[in-house]
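# My questions concern the predicted model and sequence given below.
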Amino acid sequence: MRTIRDGFLFPFGHRASIETITRREIDGAPPLAALRQREEISVREFERTYASRELPFRRVQLTGQPRRIDSGAHTVYEIEATVSDAARTSTNCVLTALFVPLHEARNAGVLAGIAAAEYEGRRDVLELRDQRIVLADPPDERGGTDFTVESMTLGAKILDPGGVGALDPLFTVVMKSARVRLPAVEQLQGAAGGTRSRAARRPVPIRLTRRYVELGLDKADTKQVFAEIIEPIAGLSIPAERAGGLASPKFPDMDGVSRLMGPVSDVRNFAGADAPPIDPAALIGDTRLLGTIALKEIVDLSQASDLGFLTTEPDALFEKVVKEPAFVLRRPVITSVRTGSAIETRFVWKPKIMDALSGLLAQRDPPSDPPDPLRPPGRMQLIVRGKMTLAPEAAAAELVVEGRLTNFVLSLAGMVKVDFNEVRFVSRTGKKTEVTTSIAKIAFAGPLAFAEEIRKAIPIGGFGDAAISPQPDGVVVKYGLQLPAVGLGVLSLQNIAFNSSLSLPFVENPVGIRFALSERSNPFIVSVAPFGGTGFFALEMRTSGPDSLSVEAAIEFGGIITFNLLDIVKGGVYVLAGVYMVIRSGGSHAISAHLRIGGYVDVLGLISVSIELYLALTFDGSRLRGMARLTIGVKVLFFSKSFSFEVEKEIAHLGAIPGSRSPATPRRRVGDFRSLVDRPQWESYCRAFA
């Protein structure tokens, strides 16, 4: 007896039938009439098409005979097939399907039970073995929705009976998720880590967004988000040593995929034209500019970026952010471009800086200053961009990261303003770091106004010929130049060495800038009319910290008169006066003025006498201290002795008694009785009177 049951292959929907042959055979001794059954499946519909956005395939063609692999409530078959995506790309694979009879295929409740109990979680994984599949429409426009797919998890969607024919099944196949490779993520993780590890190349599970399923890729929505990342990828983090310390990008976990931009963060708020404004804290977290200034305090994310150009000129983005000053990218954009046999992943970010800034970063000069047409006020820009190239045979990705900060002012304590045209940092894999700076001007004001005349002699041209010294936590750029003599009225400065350095940190340390006219160990020469002397000046600034500004300077000048009487009597008299000053923004100040008057005489080298009077007055911000010291030295033949007598007086503020001193600063007496007579001499003297 033969019976035929019509039905469908679940969940793909191909028509099929099962022919059951039942026969009774007499066998054995004594003879037995055994009842035997055999089932054979016949495919009635070898090709089926689909139009739903919930399934990337547009056609599933069965190319082989079904093979029974399991039996139960419903028989399970494996069938060789060819699937075609929206780009008409064909892929060979093996489907797993259940046979569902016609009466069950029209029962929504029964179908839901079959999907939950027999298919989903047991038979629903379609192995595609790293085939290239288009996952979303439309494939004929710029941008890409095609990915290398390792596997796809399928499911069954129960349909409304009113929307299908009387003999059609109430189910269709949909894609629940897919494990794909995201080249941009693999590039960034591999390049940032410096290796091409297997962990960085693991497939990423994604699923189509509800908005895409309902509306498709809306041309009015320039963001073009179509998929969610089920297991969010750790946020993009380019190491600080590769981003130049200008801005080490640390972004939230990536949980979505855009057709134009690749992986994006905060997909639920990012998808759709009506997405809310971007939250700075969620986007950039604790990212810091120059290692110390919080970006979320200066970046304007109140409006959405115009990303329409990505549909027509995505390859031009890398240069567009530099060539067009008004163009901004409030969100980072990651795109992948195939160049020959290699894949190039690009990262670009150019946030909008707020129009009004306070604190360390300020607008350029006040409106009263004449504007500079080449660097208009309020045009501060931050650009971070990079290229990661991974060739098929390469063991590691080649990474080039560039950071630019242009048109900004570092203003500290209202005393020093450094106007930068640009600070540019370029890092290349296996090559020396490139750092270039361009300074427009340096201005001194307030207590440092006296240094403005000296500043005019400094050649402001940046650190173009500077020496770069890589450090474990940053880069130090040093520049030195010998300056010509400077005349300031009766004052003349000679042998001045201009030294400067710029410290760019990779970690959260303040940026440091130092300018110096000579050094304490190698001072310049100063002359005032017939008098001469030495001095130095050093200015150090940091963007934060208790001593963000430090100024140290000293100058000493005077006159020396010598005489020589027939080489029998030689001598001289000198008068030297000097000033030393140190100012720190943390409150540590000291100003000291001193006068040295002395002379010496020598007779035939047998007898010599010297005398010096040293007077000093020092104010350290809390106390005024005066000190006088008289030193006399005598040398007769081979015997020499010096005597020093010192007197100190202090005047403390806040009502302290004149002449009192802090226990932390005990009086130092030089030349008293103990310094002239040691203990054995004193004991010998006492025994003489015993």
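Happy to help now that I have it. Numbering: from 1, shown residues only.

# hey, let's count contacts and neighbours off CA atoms from now on
Noted.

# Next up, the contacts around Gly571.
562-564, 599-602 (CA atoms under 8 Å, 6 or more residues apart in numbering).

# I meant to write Ile21 there.
Shown in contact with Ile21 (CA under 8 Å, 6+ apart): 1-3, 37-39.

# closest to Val76 among these?
Glu39 (12.7 Å; CA to CA).

# what are the pairing partners of the host helix or strand of the closest one, and which direction each?
Secondary structure from DSSP states H and E places Glu39 in strand 32-43. When pairing is defined by DSSP bridges, strand 32-43 lines up against strand 15-27 (antiparallel).

# For the strand it pairs with, buried residues please.
Within strand 15-27, the residues scored as buried using 16 or more other CA atoms under 10 Å are 15-18, 20.

# Which two among the residues you listed are spaced furthest apart?
Taking CA to CA as the measure, the buried residues of strand 15-27 span a maximum distance of 16.8 Å, between Arg15 and Thr20.

# The stretch 1-150 of the chain: strands as residue ranges?
Listed in chain order, the strands of the stretch 1-150 of the chain (DSSP state E, counting those that start in this stretch) span 2-10, 15-27, 32-43, 47-49, 59-62, 67-70, 76-84, 90-101, 125-134, 146-158.

# following the helix or strand of the chain with the lowest mean pLDDT, which helix or strand comes up?
Least confident helix or strand of the chain, by mean pLDDT, DSSP states H and E, is strand 361-362 with a mean of 48. The C-terminal neighbour of strand 361-362 among helices and strands, as given by DSSP H and E, is strand 381-390.

# Just the CA atoms of that following strand, as CSV, please.
Extracted as CSV, the C-alpha positions of strand 381-390 are listed here (Å, rounded to 0.1, in the frame of the first residue of the first chain):
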residue,chain,number,x,y,z
GLN,A,381,40.8,72.4,15.5
LEU,A,382,41.6,68.9,16.7
ILE,A,383,42.1,66.2,14.1
VAL,A,384,43.0,62.6,14.8
ARG,A,385,43.2,60.3,11.8
GLY,A,386,44.9,57.0,11.0
LYS,A,387,45.5,54.4,8.4
MET,A,388,45.9,50.7,9.1
THR,A,389,47.1,48.5,6.2
LEU,A,390,47.2,44.8,6.5
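
# Run through the stretch 501-650 of the chain and note the low-pLDDT ranges.
Scanning the stretch 501-650 of the chain for pLDDT under 70 picks out 504-509, 528-530, 543-547, 586-588, 621.

# now the strands for it?
512-517, 524-528, 531-542, 549-565, 569-584, 589-603, 607-619, 623-636, 639-652.

# which residues does Ala342 bridge with?
Thr339.

# my guess is it meets Thr389, correct?
Yes - counting by CA atoms under 8 Å, Thr389 is a contact partner of Ala342 at 6.7 Å.

# who's more crowded, those two?
Neighbour tally, Ala342 and Thr389, criterion other CA atoms under 10 Å: the higher count belongs to Thr389, 24 against 14.

# My guess is that one contacts Thr429. True?
No - with contacts counted by CA under 8 Å, Thr389 stays clear of Thr429, the gap being 10.7 Å.

# which residues are common contacts for those two?
398-399.

# Buried residues, stretch 563-572. List them.
Under the neighbour-count criterion of 16+ other CA under 10 Å, stretch 563-572 has 570-571 buried.

# How about stretch 101-110?
Buried residues in stretch 101-110 (16+ other CA under 10 Å): 101-102, 104-106, 108.

# Kindly reformat the residues you listed as CSV containing pLDDT.
Shown next, in CSV, are these (pLDDT from 0 to 100):
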residue, pLDDT
Pro101, 94
Leu102, 92
Glu104, 93
Ala105, 93
Arg106, 90
Ala108, 92
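
# Now, these that are in helices?
Within the buried residues of stretch 101-110, residues falling in helices by DSSP state H are 102, 104-105, 108.

# what number of residues lie near the closest residue to Trp349 other than its chain neighbours?
Closest residue to Trp349 apart from its sequence neighbours, by CA to CA, 6 or more residues apart in numbering: Pro332 at 4.5 Å. Residues contacting Pro332 under the criterion other CA under 10 Å number 21.

# got it, and Asp137?
Other residues near Asp137 number 20, with proximity taken as other CA under 10 Å.

# again with Asp160
For Asp160, the count of nearby residues is 10 (other CA under 10 Å).

# what sits against it?
Leu170.

# Can you pull the phi/psi pair for it?
phi -80, psi 130 (degrees, to the nearest 10).

# At which residues are the strands of the stretch 201-350 of the chain located?
All strands of the stretch 201-350 of the chain, identified by DSSP E, counting those that start in this stretch, fall at 204-208, 225-233, 254-258, 262-265, 288-289, 293-294, 299-300, 329-339, 342-350.

# any idea how far the nearest residue to Ser642 once chain neighbours are set aside is from Val423?
Excluding the flanking residues, the one nearest Ser642 by CA to CA, 6+ apart is Gly633, at 4.1 Å. In this view, Gly633 and Val423 are 57 Å apart by CA to CA, to the nearest Å.

# More neighbours: which of those two?
The neighbour count for Gly633 versus Val423, taken as other CA under 10 Å, is higher for Val423 (22 against 15).

# wouldn't the more buried one be in contact with Ala440 here?
No - in terms of CA under 8 Å, Val423 does not count as a neighbour of Ala440; the distance is 11.5 Å.

# circling back: run through the bridge partners of the residue nearest to Ser642.
In beta-bridge terms (that is, DSSP bridges), Gly633 pairs with Ser610, Ser642.

# and it, what does it touch?
For Gly633, the contact set (CA under 8 Å, 6+ apart) comprises 609-611, 640-643.

# repeat that for 6 Å
By CA atoms under 6 Å, 6 or more residues apart in numbering, the contact set of Gly633 is 609-610, 641-642.

# Then Val43?
Counting by CA under 6 Å, 6+ apart, Val43 has contacts Ala16.
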